[in-house]
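Novice: what shape does this take:
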Amino acid sequence: MRGDRKQSAHAAARATSRDAPANAFEALTDWSDGRVGTYSLAKANLRKIFPDHWSFMLGEIALYTFVIIILTGVWLTFFFQPSMAEVVYQGSYLPLRGIRMSEAYASTVDISFDIRGGLLIRQIHHWSAIVFVAAMLVHMMRVFFTGAFRKPRELNWIFGASLLILGMFDGFMGYSLPDDLLSGTGIRFMEGAILSVPIIGTYLEMFIFGGQFPGFVIVPRLFTVHILLIPGIMVGLLAAHLILVFYHKHTQWAGPGRTEENVVGMPLMPVYMAKAGGFFFLVFGIVSVMSAIATVNPIWAYGPYRPDQVSTDAQPDWYMGYSEGLVRVMPGWEIRAWGHTLNMGVFVPLVVFPLVLAAIWSYPFFEAWLIGDRRERHLLDRPRNAPVRTGFGAAWSALYVILLIGGGNDLIATHFHLSINAITWTVRIGFFVGPVVVYYITKRWCLGLQRRDRDKVLHGRESGVIKRLPHGEYVEVHLPLPPERMHELTAHEQYIPLPPPQPKQPNGKPGRVARFKHWLSRNYFGLYGQIPKPTAEEHREVVSGHAHH
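Specialist: Sure, this is the predicted structure:
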């Protein structure tokens with residue numbers, strides 16, 4: 001037994017290429033290596049290669065702002081009182097002194113005016129949440145438009161979409177905690193949506209609010225969900241998201257030396273980690289500057305919440321304006337039957353809200369079903385080379401913007417002296433017409449850019465030099481593209497439409513699903529879905545023709 005221990009010690013010493021640890025840190029790492037394999041993990045992962053492109057930093061902004069939210073949120077929990085018990089304010093902010101309010105509102109005002117640095121931390125926390133959701137949304141748009149969601153990253157797309165949705169709802173709960181007049185109006189909005197649920201709406205309201213609105217438990221419950229439940233789920237999803245990014249290796253743009261089998265870029269240590277560390281402090285600094293010079297959610301100007309009052313220009317944070325717009329532009333229809341009333345003006349937006357999110361959430365699985373390509377894809381698409389997908393993404397974004405305008409129809413009406421009814425009807429029509437128009441225009445742009453790329457590959461780039469031919473014709477001299485640029489313009493793969501479906505019976509018709517899939521495939525990859533890439537024969541023919549001239 002003793003001999004086995006000696007052999008193990010000698011083996012450990014040989015593995016670390018030294019006789020004994022030089023200091024306590026090396027001894028600690030040796031101890032860790034003997035139990036969790038620190039050296040083998042470091043050797044396998046610290047030199048992992050990551051590609052370098054500015055668009056990849058969008059996800060890093062989301063990660064760093066999430067870290068800032070956690071740090072500032074922990075600090076704020078030391079001073080915030082999640083209670084709806086009434087107190088009389090006696091703090092330093094004179095306009096509110098002597099007014100009855102909840103402990104939640106009073107503690108938030110104290111953080112803002114009586115605790116050193118409290119207002120700045122509150123502002124950093126709120127601005128970080130706004131930037132966090134914006135960065136996640138733009139990051140997902142980058143992933144969508146470039147096709148980075150394809151196999152083997154479908155599960156990571158689900159994780160990212162879940163993080164976006166959870167971040168939106170956690171942000172809503174966060175700005176509802178101070179119990180000011182604006183946040184109380186938002187909670188009242190939530191209560192109306194809950195009551196619109198058929199049959200069980202009133203029971204849900206009693207359960208969530210602990211009685212009739214506003215009750216006395218909604219702020220403590222939101223506080224628990226806001227700081228514990230949703231952040232815990234988000235940390236788990238984020239960890240899984242980063243692990244899968246690390247495991248699957250990062251996607252990269254097509255270019256010389258880049259294939260589906262390799263990654264061209266910088267090693268994780270020390271280059272990438274050094275850049276990431278610097279970028280974190282840059283993001284933290286920019287958010288801090290924004291928080292210092294631009295006030296967000298000035299609760300002292302709204303006053304404490306009272307159920308019989310509504311604040312003027314009540315607007316949620318931008319990422320929840322989408323749901324606000326759905327409710328504001330929906331007609332106030334009601335259906336009465338069997339002694340019950342179904343409020344369609346609130347219930348329909350409550351159903352449409354997740355459906356629009358689910359449409360973009362489930363798209364990777366729809367495209368995989370349509371294409372039927374089971375290969376792993378690690379090279380990114382240029383958005384122009386996937387016109388239909390890019391059109392769908394642009395249409396979804398247009399719908400989001402249109403509903404955001406609908407959510408702020410009162411502000412637009414008062415600031416630009418417009419009729420609020422005209423704005424509402426414009427948004428209603430735009431809800432159906434706008435995405436279609438944006439889809440068509442975006443698709444045509446992508447096809448036009450593909451034609452331009454094809455012309456560049458065949459004829460080269462314009463030089464600006466005009467030449468007169470012997471027979472008197474004036475032409476512009478075109479210069480051949482560099483080989484690396486030629487590769488970038490022709491590296492993308494183009495799918496061919498599916499063949500017409502065959503009937504299962506000799507005299508029957510193909511199934512509806514098969515016919516629908518064939519129709520989709522023609523629109524995606526047919527004559528009006530993409531411009532064929534120039535072939536090598538076409539390029540040689542054009543080049544030889546130029547040489548002949």
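
Novice: what mean pLDDT does stretch 468-478 get?
Specialist: Averaged over stretch 468-478, pLDDT sits at 86.

Novice: do the same with stretch 384-391
Specialist: The pLDDT scores in stretch 384-391 average 94.

Novice: can you give the contact residues for it?
Specialist: Taking contacts as C-beta atoms under 8 Å, 6 or more residues apart in numbering, the residues outside stretch 384-391 that touch it are 144-145, 147, 363, 367, 383, 438-440, 442-443, 445-447, 449-450, 453, 492, 494, 523-524, 529-530. Where you see a C-beta, it was placed from the backbone N, CA and C, and this is true even at glycine.

Novice: give me the buried subset of these.
Specialist: Applying 16 or more other C-beta atoms under 10 Å to the contacts of stretch 384-391, the neighbour count classes 144-145, 147, 363, 367, 383, 438-439, 442-443, 445-447, 449-450, 453, 492, 524, 529-530 as buried.

Novice: who's in contact with stretch 363-381?
Specialist: Residues outside stretch 363-381 that contact it (C-beta under 8 Å, 6+ apart) are 144-152, 154, 157, 248-249, 251-254, 258-261, 263, 389, 392, 491-492, 495, 517, 520-521, 524.

Novice: show me the residues you listed that map onto helices.
Specialist: Judged by DSSP state H, helices contain the following of those: 144, 145, 146, 154, 157, 248, 389, 392, 517, 520, 521, 524.

Novice: what about the longest helix in the chain?
Specialist: From DSSP H, the single longest helix across the chain is helix 420-459.

Novice: that one: what's the following helix or strand?
Specialist: Stepping forward along the backbone from helix 420-459, the first helix or strand reached (DSSP states H and E) is strand 461-468.

Novice: helices and strands around that following strand, which ones?
Specialist: Identification of packing neighbours for strand 461-468 by 3 or more C-beta pairs under 8 Å, 6 or more residues apart in numbering; DSSP states H and E yields strand 474-479.

Novice: partners of the strand it packs on, with directions?
Specialist: Using DSSP bridges, the strands paired with strand 474-479 are strand 461-468 (antiparallel).

Novice: relative to helix 420-459, how tilted is the strand it pairs with?
Specialist: Counting by axes from the mean of the first three to the mean of the last three C-alpha atoms, to 10 degrees, strand 461-468 lies at 60 degrees to helix 420-459.

Novice: ok, residues contacting strand 461-468?
Specialist: 474, 475, 476, 477, 478, 479, 481.

Novice: hmm, 10 Å instead?
Specialist: Residues external to strand 461-468 that are found in contact with it (C-beta atoms under 10 Å, 6 or more residues apart in numbering): 455-456, 473-482, 485.

Novice: got it, and stretch 435-448?
Specialist: Stretch 435-448 is touched from outside by 382-402, 430, 523, 528-531, with contacts defined as C-beta under 10 Å, 6+ apart.

Novice: that stretch: how far from the chain's middle?
Specialist: 22 Å (C-alpha atoms, centre = their mean, to the nearest Å).

Novice: with adjacent residues omitted, what lies nearest to the residue nearest the centre of the chain?
Specialist: Here the mean C-alpha position of the chain is nearest to the C-alpha of residue 137 (C-alpha atoms, centre = their mean), at a distance of 2.4 Å. Taking C-beta to C-beta, 6 or more residues apart in numbering as the measure, residue 137 lies nearest to residue 164, with 6.3 Å between them; neighbours along the chain are not counted.
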